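>>> next input, structure requested:
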Amino acid sequence: MQGKKKSFKHLSKCLHNKETWAKKEEEILNSIKEDLKQKEIDLGPNGLRKVFIPRNKEEYRNQHIEWPREFLADDIGLALERMNLSKNKAQDIAVTFFDKWLTFFQKEEKDWNFSKAEKARDQEKEEKK
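Residues are numbered from 1 along each chain as shown. A predicted model of the protein is given here:
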């Protein structure tokens, strides 16, 4: 279990993955914006971004630890409700975002663990030579 926690923490805070996270989060927000646009709901150009992607770097990094554990779901829902969305619509947006984000996170974690195991096997082969 220790290795699982280590990879979880590494992936969620790793600065090397920062661009990957930012790109995926923008993709997710854009897909949600398109869905809202079709339903004629306008939250402004940066409305969702302000809720899901804080400007403060430390707060942003902390979110990556809390999101997979779903600690922020209520806070995000309330922030969306304050943007004049119904509770149901706010929950739908939060669930959509977290579902897509967690699916991506799990894939990244699986790929990272596979890559780590592959490197260990390669190193063992080199040591045997």
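
>>> now the helices for the chain?
2-13, 18-38, 47-52, 57-66, 73-81, 87-128 (DSSP state H).

>>> packing partners of the fifth one?
When contacts are defined as 3 or more CB pairs under 8 Å, 6 or more residues apart in numbering; DSSP states H and E, helix 73-81 sits against helix 47-52, helix 87-128. From N, CA and C alone the C-beta is placed, and that goes for glycine too.

>>> weakest of those in terms of mean pLDDT?
Lowest mean pLDDT within these: helix 87-128, a mean of 76.

>>> quick check: buried residues in stretch 41-59?
Leu43, Gly47, Leu48, Arg49, Val51, Phe52, Ile53 (16 or more other CB atoms under 10 Å).

>>> for Leu29, grab the count of nearby residues.
Around Leu29 there are 20 other residues, counting by other CB atoms under 10 Å.

>>> I'd say it and Trp101 touch.
No: with contacts counted by CB atoms under 8 Å, Leu29 stays clear of Trp101, the gap being 10.2 Å.

>>> how far away is Leu102 from Ile41?
24 Å (CB to CB, to the nearest Å).

>>> meant to ask about Thr96
To Ile41, Thr96 is 13 Å away according to CB to CB.
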